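K.L.:
Sequence and predicted model, in that order:
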Number of protein chains: 2
Amino acid sequence: MSSSPRLVEVRQNVLKQNDLLARALRRRFADAGVFVVSLVSTPGAGKTALLECTLKQMRANGLQVAALVGDLATENDARRLARSAAPVKQIVTGTICHLDADMVQQALDDWRLADLELLFIENVGNLVCPSSYDLGENMRFVLMSVTEGEDKPLKYPTIFNTADVALITKMDLAEAVEFDLEAARENIQAVRPGMKTIELSVKTGLGMDQYFEFLSAKAEKRLVGLERGT
Amino acid sequence: MSSSPRLVEVRQNVLKQNDLLARALRRRFADAGVFVVSLVSTPGAGKTALLECTLKQMRANGLQVAALVGDLATENDARRLARSAAPVKQIVTGTICHLDADMVQQALDDWRLADLELLFIENVGNLVCPSSYDLGENMRFVLMSVTEGEDKPLKYPTIFNTADVALITKMDLAEAVEFDLEAARENIQAVRPGMKTIELSVKTGLGMDQYFEFLSAKAEKRLVGLERGT
């Protein structure tokens, strides 16, 4: 039923349309010289906490940063992130389980992209649906918290395959939940060999230096590249 | 784009088809005298741990129990649950973000329902998509773990609205994550006034008596009702 030919066909058309829009967005981001990072995870893996910390740090580093945050309902995340003083906009999706390129495009409508250097897009909390939708981002982070267990890469392989970096969050709780870091690393590598993985805790600061160094290096390389027109 | 008229129409047809199948399943369950409970939550909220414990306890109580477990990939959960010695079948959904009535029907194909008293259906870990799909169950539990934060009912209201009972899991971690139980309860009641809520920890046993009493009472009432033909 879920795989009836008509539904598959419509879904393919929607995805094709999304890919075209995402490609146009990517070009727009490149022209404006903005580096775009998206975050995907289950609800409650710590996307907003990490993003709040990231926006503050990047602003402290003198970078022009902004964020779009997706949720089915509420503007709580945008309010929370606004404390960083960076421009933040909430995308409320209603019953839709993921962001798509069109939603991103519309949310950016009244922003001057050329004023930004870094844009973060926090997707709806969902380990399935966001994997199919390109948002025109330069890099996709998938977060998994230690409380979810080590097996999530094996159970939700597609989202790990479409992401560039895996962030293992809430490491401060690793001992309390008897998290097996080696098993988690193995499972990530089994699904996506060579995947960059960073373990961190926003609460204790563990791994945050490594995270910021990685992010800054990637963004800088890209920004420098953009200035050079490459 | 995601709300193009054609996609909405196809989606409505799929849901209508699902509702018809679910209604037929519900009748079949009633005729066979089996009480059906489904579990929904994010990935890693503890559905499988709770189910493993539940199957063991229900078998110890002399009840004929079985389970279907949905996942995008792997048969890990079915293997884990099989340790309870109850009949367990894995439904692998591929890239589909929820179970539907057709998948349940097909999975039950070679089981004699009349031999069962209680059937559990563990949905794919997802707080969005499963809400639209009736599986013919008698009761739906939505699990939220303390590690996800108190705001999940506000952010994912539909899944709470389609569930009958909210289970707050991993209460043993409540202190470590500074979980605000009162705020969580208020948020659940704001979304679904009067919703039955049970706080529990499979690890420490907290709240498990209350959970089993509630489940047994519901199931028994239903089973007695079925025997009476009501």
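P.N.:
That came in fine, so what should we check first?
K.L.:
and A:D164, how many neighbours?
P.N.:
Residues near A:D164, counting by other C-beta atoms under 10 Å in any protein chain shown, number 16. Using the backbone N, CA and C atoms, a C-beta is placed for each residue, glycine as well.
K.L.:
Next, give phi and psi for the closest residue to it other than its chain neighbours.
P.N.:
The spatially closest residue to A:D164, leaving aside those adjacent along the chain, is A:M139, at 4.9 Å (C-beta to C-beta, 6 or more residues apart in numbering or on different chains). For A:M139, the backbone dihedrals are phi -150, psi 140 (criterion: degrees, to the nearest 10).
K.L.:
can I assume A:M139 is in contact with A:V165?
P.N.:
Yes: between A:M139 and A:V165 a contact is recorded at 6.8 Å, counting by C-beta atoms under 8 Å.
K.L.:
what's the pLDDT at the most centrally placed residue in chain A?
P.N.:
For chain A, A:L39 is the residue whose C-alpha lies nearest the centre (C-alpha atoms, centre = their mean; 1.4 Å). With respect to pLDDT, A:L39 scores 98.
K.L.:
partners of the helix or strand harbouring it, with directions?
P.N.:
For A:L39, the host element (DSSP states H and E) is strand A:35-40. Under the criterion DSSP bridges, strand A:35-40 sits next to strand A:118-122 (parallel), strand A:139-145 (parallel) in its sheet.
K.L.:
Go through these and name the closest to B:A101.
P.N.:
strand A:139-145 (30.4 Å; C-beta to C-beta).
K.L.:
that older thread, any idea which of the strands paired with strand A:35-40 gets closest to A:P87?
P.N.:
strand A:118-122 (9.4 Å).
K.L.:
burial of A:R6, as a residue count?
P.N.:
A:R6, neighbours per other C-beta under 10 Å, totals 12.
K.L.:
Please confirm that it is located within a helix.
P.N.:
Yes: A:R6 sits within a helix when classified using DSSP: H, G, I helix; E, B strand; the rest coil.
K.L.:
chain center to the strand holding A:L39: distance?
P.N.:
Strand A:35-40 sits 4 Å away from the centroid of its parent chain (C-alpha atoms, centre = their mean, to the nearest Å).
K.L.:
cool, stretch A:119-136 as well?
P.N.:
6 Å.
K.L.:
Take the strands paired with strand A:35-40 and lay them out in JSON lines including mean neighbour count and mean pLDDT.
P.N.:
Listed next are the strands paired with strand A:35-40 as JSON lines, based on neighbours: other C-beta atoms under 10 Å in any protein chain shown; pLDDT from 0 to 100:
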{"stretch": "strand A:118-122", "mean neighbour count": "26", "mean pLDDT": "97"}
{"stretch": "strand A:139-145", "mean neighbour count": "25", "mean pLDDT": "98"}
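K.L.:
mind giving me a markdown table with the ones you listed and columns for distance to A:F212?
P.N.:
Shown next, in a markdown table, are those (distance: least, C-beta to C-beta, whole Å):
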| stretch | distance to A:F212 |
| --- | --- |
| strand A:118-122 | 12 |
| strand A:139-145 | 13 |
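K.L.:
Identify whichever of those strands lies nearest to B:Y156.
P.N.:
Comparing the strands paired with strand A:35-40 against B:Y156 with C-beta to C-beta, the closest turns out to be strand A:118-122 (15.0 Å).
K.L.:
outside of that closest one, which residues touch it?
P.N.:
Contact with strand A:118-122 is made by A:29, A:34-39, A:47-48, A:51, A:54-55, A:58, A:63-70, A:77, A:99, A:104, A:113, A:135, A:137, A:219, as judged by C-beta atoms under 8 Å, 6 or more residues apart in numbering or on different chains.
K.L.:
Can you give me the end-to-end span of stretch A:187-205?
P.N.:
Distance between the two ends of stretch A:187-205: 25 Å, counting by C-alpha to C-alpha, to the nearest Å.
K.L.:
ugh, wrong one, I meant stretch A:32-44
P.N.:
For stretch A:32-44, the end-to-end distance is 32 Å (C-alpha to C-alpha).
K.L.:
Quick one: distance of it to the chain centre.
P.N.:
The gap between where stretch A:32-44 is centred and where its chain is centred comes out at 3 Å by C-alpha atoms, centre = their mean.
K.L.:
other SSEs contacting the helix or strand bottoming out on mean pLDDT in chain A?
P.N.:
When each helix and strand of chain A is scored by mean pLDDT, DSSP states H and E, helix A:208-227 comes last, with a mean of 82. Packing partners of helix A:208-227 (3 or more C-beta pairs under 8 Å, 6 or more residues apart in numbering or on different chains; DSSP states H and E): strand A:35-40, helix A:47-60, strand A:196-199.
K.L.:
Make TSV out of these and add distance to A:F214.
P.N.:
Formatted as TSV, these follow (distance: least, C-beta to C-beta, whole Å):
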stretch	distance to A:F214
strand A:35-40	11
helix A:47-60	12
strand A:196-199	7
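K.L.:
Identify, out of the ones you listed, the most deeply packed stretch.
P.N.:
Neighbour counts (mean count of other C-beta atoms under 10 Å in any protein chain shown) averaged over each of the helices and strands packed on helix A:208-227 peak at strand A:35-40, with a mean of 26.
K.L.:
Could you list every helix and strand in contact with the helix or strand encompassing A:N13?
P.N.:
According to DSSP H and E, A:N13 maps onto helix A:5-32. If you count contacts as 3+ C-beta pairs under 8 Å, 6+ apart, helix A:5-32 packs onto helix A:101-107, helix B:5-32.
K.L.:
what about chain A, any weak spots by pLDDT?
P.N.:
Low-confidence segments of chain A, defined by pLDDT under 70: A:1-5, A:222-230.
K.L.:
and with 50 instead?
P.N.:
Where chain A drops to pLDDT under 50, the residues are A:1-2, A:228-230.
K.L.:
picking that back up, most tightly packed of the helices and strands packed on helix A:5-32?
P.N.:
Mean neighbour counts for the helices and strands packed on helix A:5-32 (mean count of other C-beta under 10 Å) peak at helix A:101-107, with a mean of 19.
K.L.:
Tell me the helices and strands packed up against that one.
P.N.:
Using 3+ C-beta pairs under 8 Å, 6+ apart, helix A:101-107 sits against helix A:5-32, strand A:65-71, strand A:88-92.
K.L.:
Nearest to B:L20 among the ones you listed would be which one?
P.N.:
Minimum separation from B:L20 across the helices and strands packed on helix A:101-107 (C-beta to C-beta) falls at helix A:5-32, 16.2 Å.
K.L.:
Report the angle between the closest one and strand A:35-40.
P.N.:
Put simply, helix A:5-32 runs at 140 degrees to strand A:35-40, going by axes from the mean of the first three to the mean of the last three C-alpha atoms, to 10 degrees.
K.L.:
check contacts around A:R28.
P.N.:
A:113, A:136.
K.L.:
Now A:Q90. Nearest residue, chain neighbours left out?
P.N.:
A:A78 (3.6 Å).
K.L.:
Could you report the neighbour count for A:D71?
P.N.:
25.
K.L.:
Could you dump the helices and strands packed on helix A:101-107 into CSV and include distance to B:V128?
P.N.:
Converted to CSV, these look like this (distance: least, C-beta to C-beta, whole Å):
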stretch, distance to B:V128
helix A:5-32, 16
strand A:65-71, 11
strand A:88-92, 13
